[in-house]
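Asker: model the structure of this input:
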Amino acid sequence: MSAPQRFVQIIDFETDRIDEMRALAEEGEQRFTGRADGPTRRLVLKDRSRPNHYLVVIEFDSYEEAMRNNDDPETGKFAEQMAALCTRPPTFTDCDVQDTTEFE
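Answerer: Residues are numbered from 1 along each chain as shown. Below is the predicted model:
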């Protein structure tokens, strides 16, 4: 039996309240860190050509863990608070990880 395939969700959003968004993310980190079904990695990207445009890449060990995390009421509350800080509704892209390479 093969190991579960890692899963990534990409959140695309715009905000002119990035400091509040960062504070919310730090609060969320405390709630989600160490949970069995929580994210394993987060990468925050700022678009250089479009002010106030960001992408967040969140990695999970599997799709199933991501869906359990998604179903948690705390995750729903976090998503609502995040959306309230956005200038347009965020979009979500779900991806199965096909390959990774570490360059050292």
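Asker: please name the bridge partners of the residue nearest to D47 when sequence neighbours are not counted.
Answerer: Nearest residue to D47 in three dimensions, chain neighbours excluded: H53, at 3.9 Å (CB to CB, 6 or more residues apart in numbering). (Glycine included, C-beta is placed from N, CA and C.) Per DSSP bridges, residues listed as beta-bridge partners of H53: E14.
Asker: pretty sure H53 is touching L45, no?
Answerer: No. Using CB atoms under 8 Å as the test, H53 is too far from L45 to be in contact (9.2 Å).
Asker: between those two, point out the one with more neighbours.
Answerer: Taking neighbours as other CB atoms under 10 Å, H53 and L45 compare with H53 leading, 16 against 12.
Asker: check the offset of the helix ranked longest in the chain from the chain's centre.
Answerer: Using DSSP state H to assign secondary structure, the helix with the most residues in the chain is helix 18-32. Centroid displacement of helix 18-32 relative to its chain, using CA atoms, centre = their mean, to the nearest Å, is 11 Å.
Asker: show me what counts as buried in it.
Answerer: Within helix 18-32, the residues that qualify as buried are M21, L24, G28, F32, counting by 16 or more other CB atoms under 10 Å.
Asker: show me what that helix is packed up against.
Answerer: Helices and strands touching helix 18-32, by 3 or more CB pairs under 8 Å, 6 or more residues apart in numbering; DSSP states H and E, are strand 41-46, helix 73-84.
Asker: so what strands line up beside the first one?
Answerer: The reference is to strand 41-46. Strand pairing for strand 41-46, using DSSP bridges, gives strand 53-60 (antiparallel).
Asker: what stretches of the protein score poorly on pLDDT?
Answerer: For the chain, residues meeting the criterion pLDDT under 70 lie at 1-3.
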